[in-house]
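Student: below are the sequence and a predicted model; questions follow.
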Amino acid sequence: MKELIVFLKSPLPKTIFVLYFIFNIFTVCNVSTASLSEVQVCSTLNEDSECKSDYNVFQSSVSVLYCSARLKSAPKNTKVTFTWKYEDEVIGKADVETGSAIVYSDYKPRGFMKPGKYSVTAKINTDNADPVTKEFKVE
């Protein structure tokens, strides 16, 4: 019994506990320094697969919509999820996997789009990433 008490008072058990705690934090949490910037919505992409400008109103006859963003400080195989919504209803979702680059998603409606409020949300799939939502209207 004395040996156990002496062992518990030594720095070794504390060190083991701290290492175990740190290991669990890093294996359970998915954190990254990656970030999204210049998130834009448009109906045509330029030669770099990026929106030329950010638009917030589209005609109901639009054949395709794009959301592009710059993904910075991202390791290879970083996943970005794009979620397209009409009002509060999810109408499309796409996962894009890449490293630091321009990322984009498209939404191709079947026929005319209903007039109303739409949004697209881009989120890096890590625990510490904040989603970026762009809202737009269809008339």
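Tutor: That came through, no problem.
Student: which stretches of this protein form helices?
Tutor: Using DSSP state H, the helices of the chain run over 2-9, 11-28.
Student: would you single out the least confident of those?
Tutor: Here the lowest mean pLDDT among the helices of the chain goes to helix 11-28, at a mean of 48.
Student: domains in the chain, by residue range?
Tutor: Residue ranges of the domains in the chain are recorded as 1-30, 35-138, according to automatic domain parsing.
Student: reformat these as a markdown table; add mean neighbour count.
Tutor: To be clear about C-beta, it is placed using only N, CA and C from the backbone, and glycine gets the same treatment. Compiled in a markdown table, the domains of the chain are given as follows (neighbours: other C-beta atoms under 10 Å):
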| stretch | mean neighbour count |
| --- | --- |
| domain 1-30 | 9 |
| domain 35-138 | 15 |
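Student: could you tell me the least trusted of those domains?
Tutor: domain 1-30 (a mean of 52).
Student: contact partners for the nearest residue to residue 71 once chain neighbours are set aside?
Tutor: Residue nearest to residue 71 in three dimensions, not counting chain neighbours: residue 103, with 5.1 Å by C-beta to C-beta, 6 or more residues apart in numbering. Residue 103 makes contacts with 68-71, 80, 96, 122, as judged by C-beta atoms under 8 Å, 6 or more residues apart in numbering.
Student: can we see that at 6 Å?
Tutor: Residues in contact with residue 103, defined by C-beta atoms under 6 Å, 6 or more residues apart in numbering, are 69, 71, 80, 96.
Student: and the residue lying closest to residue 86 once chain neighbours are set aside, how far is that from residue 72?
Tutor: Spatial nearest neighbour of residue 86, excluding adjacent residues (C-beta to C-beta, 6+ apart): residue 118 at 5.4 Å. Applying C-beta to C-beta, to the nearest Å, one obtains 26 Å for the distance of residue 118 from residue 72.
Student: next: residue 111.
Tutor: 37 Å.
Student: who does the residue nearest to residue 36 when sequence neighbours are not counted bridge with?
Tutor: For residue 36, ignoring the flanking residues on the chain, the nearest one in space by C-beta to C-beta, 6+ apart is residue 69 at 4.6 Å. Beta-bridge pairing of residue 69, defined through DSSP bridges, involves residue 103.
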